[in-house]
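K.L.:
Build me a model from this:
(one chain, ligands or ions: 2)
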Amino acid sequence: MSENSDKGFNKTVINWYPGHMAKTKRLIKENLDQIDLVYEVVDARIPYSSKIKDLDEIIKNKPRIMIMTKYDLCDKAETKKWINYYEKQGYQVIAMDIEHQFSKKQLLNMTELQMKEKKEKLKAKGMMKKRTKALVVGIPNVGKSTLINRLSGKNVAGTGNRPGITKNLNWIRISEEVELLDSPGILWPKIDIGNVAYNLASLTAIKEEILPLFDVTEYILRTLEKYYPNIIKERYNLDQISEDIIETLEEIGKKRGCLMRGGEIDYDKVITIIMNDIKSGIIKNITFDRMEDFIETE
Ligand SMILES: Nc1nc2c(ncn2[C@@H]2O[C@H](COP(=O)(O)OP(=O)(O)OP(=O)(O)O)[C@@H](O)[C@H]2O)c(=O)[nH]1
Ligand SMILES: [Mg+2]
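P.N.:
Numbers count the residues shown, from 1 in each chain. Ligands and ions are numbered 1, 2, ... in the order given. This next block holds a predicted model:
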């Protein structure tokens, strides 16, 4: 399923497109007539990699708001560049820590603004639109269901810190005015753009078994060293990552007491620790998508 080049991670192509994702896309298309607006959810740490590549084809020209979640965990200076980039393209963007500091008012005001034109058109025709129906869409584990819970003020949608929690399309009425359609995370048929696949795997957006965990862990450590060497120092007490990654895993393993009987290093345990440091948000202030890797700037 994966194809690694000998050097670096750039040639990765993963063909991972489970049937249920194709089904979700089909169901969204079937429900499109009912949808007034789209909340496109992306992870603020990977605002490029986590953006569904063929979304335009799915939702056509529906009004939309891009919501960057996990803002508490991102590198704000880098994410700001992406916010500017998307705003320049005409997107309405809102970046938020929806887990701890959600502003319902800010999002609903933006929604109202987006809907104004449509409502006025309908009014001119003598029709009234009572309720706004919004689709919440995004890749797995970005916080779609969390967003719905925050908007409704209740736990109406199931959430969890691994991809694939939501299994079906569900309409959820959050007020007299707004109804939301929760949807399972979707990806696109081929993920082959530079580091996108590794960024998705590093930040828990694709299932763990898709890319070798060992490689994902190496990618995480090398990316941290490149952009956030202070994290390598503070979290793992290392000055640098060795050319041979095994040496680094060994060092971390010794420091963390990941030993098997006989004193051998338990590499699986080391890998789990590093993956969990990211997953649990212990490692924060990181943005793995760098504009220069994906966008040509003059
Ligand atoms: N720190 C932080 N965690 C968040 C934020 N938003 C969501 N989460 C966490 O991210 C995890 C995934 O959230 P869900 O709402 O289940 O994600 P989803 O997009 O519905 O995922 P699927 O249904 O699996 O596609 C949960 O553990 C949330 O608590 C945020 O803004 N900040
Ligand atoms: Mg969900």
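
K.L.:
Any idea how many residues pack against residue 122?
P.N.:
12 (other C-beta atoms under 10 Å). Any C-beta I mention is one placed from the backbone N, CA and C, and that applies to glycine too.

K.L.:
Which residue is the nearest non-sequential neighbour of the spatially most central residue of the chain?
P.N.:
Nearest to the mean C-alpha position of the chain, by C-alpha atoms, centre = their mean, lies residue 43 at 3.5 Å. Spatially, and ignoring its direct neighbours in sequence, residue 43 is nearest to residue 50 (4.4 Å; C-beta to C-beta, 6 or more residues apart in numbering).

K.L.:
What's the separation between the one you found and ligand 2?
P.N.:
For residue 50, the distance to ligand 2 equals 14 Å [C-beta to the ion, to the nearest Å].

K.L.:
which residues touch residue 83?
P.N.:
Going by C-beta atoms under 8 Å, 6 or more residues apart in numbering, residue 83 touches 47, 68, 93, 95.

K.L.:
tell me which element the residue nearest to the first one when sequence neighbours are not counted falls in.
P.N.:
So that's residue 47. Nearest residue to residue 47 in three dimensions, chain neighbours excluded: residue 82, at 3.9 Å (C-beta to C-beta, 6+ apart). Using DSSP states H and E, the element containing residue 82 is helix 76-88.

K.L.:
does ligand 1 sit close to the next helix or strand after that helix?
P.N.:
Helices and strands here follow DSSP H and E; after helix 76-88, the next one along the chain is strand 92-95. No: for strand 92-95, no contact with ligand 1 is found by C-beta under 6 Å from any ligand atom; the gap never falls below 9.3 Å.

K.L.:
what element comes up after strand 92-95 heading to the C-terminus?
P.N.:
Sequence-wise, the next helix or strand downstream of strand 92-95 (DSSP H and E) is helix 104-124.

K.L.:
who does that following helix touch, helix- and strand-wise?
P.N.:
With contacts defined as 3 or more C-beta pairs under 8 Å, 6 or more residues apart in numbering; DSSP states H and E, the secondary structure elements packing on helix 104-124 are strand 37-43, strand 64-69, strand 92-95, strand 132-138, helix 144-152.

K.L.:
That one to helix 144-152, inter-axis angle?
P.N.:
If you take axes from the mean of the first three to the mean of the last three C-alpha atoms, to 10 degrees, helix 104-124 sits at 80 degrees to helix 144-152.

K.L.:
Alpha carbons of helix 104-124, as CSV, please.
P.N.:
In CSV, the C-alpha atoms belonging to helix 104-124 read as follows (Å, rounded to 0.1, in the frame of the first residue of the first chain):
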residue,chain,number,x,y,z
LYS,A,104,-20.4,30.0,18.9
LYS,A,105,-21.2,33.7,18.3
GLN,A,106,-18.3,34.3,15.9
LEU,A,107,-19.1,31.3,13.8
LEU,A,108,-22.9,31.9,13.7
ASN,A,109,-22.3,35.6,12.7
MET,A,110,-20.1,34.5,9.9
THR,A,111,-22.7,32.0,8.9
GLU,A,112,-25.4,34.6,8.9
LEU,A,113,-23.3,36.8,6.7
GLN,A,114,-22.7,34.0,4.2
MET,A,115,-26.4,33.2,4.1
LYS,A,116,-27.6,36.8,3.8
GLU,A,117,-27.4,36.9,0.0
LYS,A,118,-29.3,33.7,-0.5
LYS,A,119,-32.0,34.7,2.0
GLU,A,120,-32.5,38.0,0.3
LYS,A,121,-32.8,36.4,-3.1
LEU,A,122,-35.5,34.0,-1.6
LYS,A,123,-37.2,36.9,0.1
ALA,A,124,-37.4,38.8,-3.2
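
K.L.:
per-residue confidence averaged over it?
P.N.:
Averaged over helix 104-124, pLDDT sits at 89.

K.L.:
and that helix, how far from the chain's centre?
P.N.:
26 Å (C-alpha atoms, centre = their mean, to the nearest Å).

K.L.:
what do you get for stretch 198-209?
P.N.:
Put simply, stretch 198-209 sits 10 Å off its chain's centre (C-alpha atoms, centre = their mean).

K.L.:
Quick one, which of the helices and strands packed on helix 104-124 gets closest to residue 246.
P.N.:
For the helices and strands packed on helix 104-124, distance to residue 246 was read as C-beta to C-beta. The smallest value, 29.8 Å, belongs to strand 37-43.

K.L.:
Quick check: which helices or strands does that closest one pack against?
P.N.:
strand 64-69, helix 104-124, strand 132-138, helix 144-152.

K.L.:
tilt between that strand and helix 144-152?
P.N.:
Strand 37-43 and helix 144-152 meet at an angle of 120 degrees, taking the same axes, to 10 degrees as the criterion.

K.L.:
May I have the strands that pair with strand 37-43, each with its orientation?
P.N.:
Each strand pairing with strand 37-43, determined using DSSP bridges, is listed with its direction: strand 64-69 (parallel), strand 132-138 (parallel).
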